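# below are the sequence and a predicted model; questions follow.
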Amino acid sequence: MYGLRGYRYALLEAGYAASLALLAAVGQGLAAYPAETFYDEEVARLLGLPEGEYPGVVLVLGR
């Protein structure tokens, strides 16, 4: 339906979701930031993602 534009929409939505998660975490008194670098394959394995799928963003949350 959207073709390649759909992929761009998905990236925008992921950014919106990440920013809202970061905002909510800070509102709960947590430290929160997006990881600048991470090992795609390791995170995908930890999350049990199917072969060939990788995370787009990793959020680090803590106290």
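Alright, I've got the coordinates.

# what is the neighbour count of Val60?
Per other Cβ atoms under 10 Å, the neighbour tally for Val60 reads 14. Using the backbone N, CA and C atoms, a C-beta is placed for each residue, glycine as well.

# quick one, helices of the protein?
Taking DSSP state H, the helices of the chain run over residues 4-27, 40-47.

# among these, which comes closest to Gly62?
helix 4-27 (9.1 Å; Cβ to Cβ).

# quick one: buried residues of that closest one?
Using 16 or more other Cβ atoms under 10 Å as the test for burial, helix 4-27 gives Ala18, Leu22, Ala25.

# what does stretch 46-56 give?
Buried residues in stretch 46-56 (16+ other Cβ under 10 Å): Pro55.

# so what's the residue nearest the centre of the chain closest to, chain neighbours aside?
The centroid of the chain falls nearest to Val57 when counting by Cα atoms, centre = their mean (3.0 Å). Excluding its sequence neighbours, the residue lying closest to Val57 (Cβ to Cβ, 6 or more residues apart in numbering) is Ala18, at 5.0 Å.

# from Glu51, how far off is the one you found?
As judged by Cβ to Cβ, to the nearest Å, Ala18 and Glu51 stand 24 Å apart.

# one step back: what residues does the residue nearest to Val57 make contact with?
Applying Cβ atoms under 8 Å, 6 or more residues apart in numbering to Ala18 gives the contacts Pro34, Val57, Leu59.

# got it, and Ala25?
With contacts defined as Cβ under 8 Å, 6+ apart, Ala25 is in contact with Ala31, Ala32, Leu59, Leu61.

# right, and the last one touches Gly29 too?
By that I understand Leu61. No. Leu61 is beyond contact range of Gly29, at 10.8 Å (criterion: Cβ atoms under 8 Å).
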